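*Asks:* Got a sequence here, can you build the structure:
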Amino acid sequence: MNTESDVEKCLKTAGVRRKILLYRKGQVIFSQGDKARSVFYLREGRVKITMNSSDGNVALIALLEEGQFFGEGCIARRPFRVTTATAIATISVLEIQKTEMIRAIHEAPEFSDLFIAHILKRNVRAEENLADQIFNSSENRLARALLSIGKDGKHEGAGTLVAKVSQETLAEMVGTTRSRVSFFMNKFRRLGFIRYNGGLHINSSCLRVFLDRVRVSKIPDF
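*Replies:* Numbers count the residues shown, from 1 in each chain. Next comes the predicted model:
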């Protein structure tokens with residue numbers, strides 16, 4: 001059962017009106033082009049944020065974990081949603097109307113600090129993802145994506161058991177094809193980086209060593 005977070009405690013103390021909503025796996029929370037009238041806080045589960053191009057291509061912008069806000073563009077005077085938010089599994093969210101969110105930012109300093117920290121962290125992650133797409137191979141990006149997914153998994157011995165993530169979702173995260181993801185996942189399994197046994201087990205230590213070796217090999221020899 002989901003316990004009350006610091007964000008929820010701050011909202012309650014400030015008397016901010018909010019609604020708890022549940023969504024099933026695959027259910028859309030909001031779609032690109034919808035009117036932007038509220039901010040969401042992910043209490044439990046995972047949400048993917050995607051964007052459609054004019055020619056029909058779909059790009060995965062972010063994979064959100066519990067404790068993160070999304071849809072905050074409405075408080076920056078963005079009248080319509082520019083992305084689509086979809087539940088990856090059964091999720092629980094708080095919906096906070098735009099006016100209530102703005103009031104909380106102005107009148108509840110503790111909540112404001114938490115929200116600003118979220119925005120700064122999101123910006124840093126966006127910069128890292130952009131650099132990852134420009135400079136790193138699909139194999140390295142997949143390793144980083146698996147490390148990110150494993151952060152909030154269930155730790156069991158030397159590995160981490162995570163909720164089921166499809167290869168299609170991994171391909172969207174990495175920016176490559178499903179066949180390439182399948183190839184690299186099989187390679188990682190042979191190397192002991194991951195294993196399948198009642199779910200996906202990620203050996204984060206091995207993946208970090210792999211990425212560290214890649215970084216060292218790219219350092220120029222002067």
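*Asks:* rest of the way, CA atoms for contacts and neighbours
*Replies:* OK.
*Asks:* How is the chain partitioned into domains?
*Replies:* For the chain, the domain assignment from automatic domain parsing gives the residue ranges 6-133, 136-217.
*Asks:* least reliable of those domains going by mean pLDDT?
*Replies:* The weakest mean pLDDT among the domains of the chain belongs to domain 136-217, with a mean of 81.
*Asks:* Could you tell me how far stretch 88-97 lies from the centre of the chain?
*Replies:* 14 Å (C-alpha atoms, centre = their mean, to the nearest Å).
*Asks:* ok, now which ones touch Ile194?
*Replies:* By C-alpha atoms under 8 Å, 6 or more residues apart in numbering, the contact set of Ile194 is 185, 188, 200-203.
*Asks:* one more time with 10 Å
*Replies:* Applying C-alpha atoms under 10 Å, 6 or more residues apart in numbering to Ile194 gives the contacts 146, 159-161, 185-188, 200-204, 206-207.
*Asks:* what separates the closest residue to it other than its chain neighbours from Ala76, distance-wise?
*Replies:* The shortest distance from Ile194 to any residue other than its chain neighbours is 4.6 Å, reached at Ile202 (C-alpha to C-alpha, 6 or more residues apart in numbering). Counting by C-alpha to C-alpha, to the nearest Å, the gap from Ile202 to Ala76 is 38 Å.
*Asks:* Look at these two and report which has more neighbours.
*Replies:* Ile202 (29 against 9; other C-alpha atoms under 10 Å).
*Asks:* give me the beta-bridge partners of that one?
*Replies:* Ile202 has these beta-bridge partners by DSSP bridges: Thr160, Ile194.
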